[in-house]
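Novice: Below are the sequence and a predicted model; questions follow.
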Amino acid sequence: MTRKILLVSNDKGFKNFINIATLTLTKLNHQITITDDKKDGHIDWMIVDMDSDAEENFEFILNWRKSELNKKIKIVSVLTVIADEMRGRLFKSGCDSIMTKKEFMMVANNILIF
């Protein structure tokens, strides 16, 4: 079964890192597809980069969570630095996990296969 992950990010370096990690895992027989199509309703979970377009991404998460079908999809938010105010706002918007990009990159392979 192929896992489809929505990646919402404008950070080219971060996107490249995710794509390389995905290719590496695919070579190890893990089937993972990365998409950036926010209208794709057939995803398993998503990664949202809050470093750019934060307000737009908050609105996207809030609107995504309005659908009963989307409430079960896990959302991981990543930021360069996480302020306490931002952490609370992200959890209230519907994020399941919040990590710095550095933390995420250290455990990306483990996260992407589950």
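Specialist: Perfect, thanks for sending it.
Novice: which stretches of the chain have low pLDDT?
Specialist: When residues are selected by pLDDT under 70, those of the chain lie in 1, 27, 29, 109, 111-114.
Novice: longest helix in it, by residue count?
Specialist: Longest helix of the chain, by residue count under DSSP state H: helix 12-27.
Novice: After that one, which helix or strand is next?
Specialist: Beyond helix 12-27 on the C-terminal side, the first helix or strand identified by DSSP states H and E is strand 32-35.
Novice: got a list of what the residue nearest the centre of the chain touches?
Specialist: Note on the chain: the residue nearest the mean C-alpha position is residue 47, at 0.3 Å, using C-alpha atoms, centre = their mean. Contacts for residue 47 (C-beta atoms under 8 Å, 6 or more residues apart in numbering) come out as 5, 6, 7, 8, 9, 18, 76, 77, 78, 104. For every residue, glycine as well, the C-beta is placed using N, CA and C.
Novice: Show me which of the residues you listed is closest to residue 57.
Specialist: Top of the list for closeness to residue 57, among these and by C-beta to C-beta, is residue 8 at 6.1 Å.
Novice: Assess the claim that the closest one and residue 36 are in contact.
Specialist: Yes: distance between residue 8 and residue 36: 7.1 Å, which falls inside the contact criterion (C-beta atoms under 8 Å).
Novice: Mind checking which of those two has more residues around it?
Specialist: Between residue 8 and residue 36, counted using other C-beta atoms under 10 Å, the more crowded position is residue 8 (21 against 11).
Novice: Please report the distance of that one from residue 28.
Specialist: Taken as C-beta to C-beta, to the nearest Å, the spacing of residue 8 relative to residue 28 amounts to 25 Å.
Novice: Please identify which of the contacts of residue 47 is nearest to residue 58.
Specialist: Of all the contacts of residue 47, residue 77 has the smallest distance to residue 58: 9.7 Å, by C-beta to C-beta.
Novice: Can you tell me the SS state at the closest one?
Specialist: The assignment at residue 77 comes out as strand when based on DSSP: H, G, I helix; E, B strand; the rest coil.
Novice: bridging residues for it?
Specialist: Note on residue 77: beta-bridge partners residue 48, residue 98, judged by DSSP bridges.
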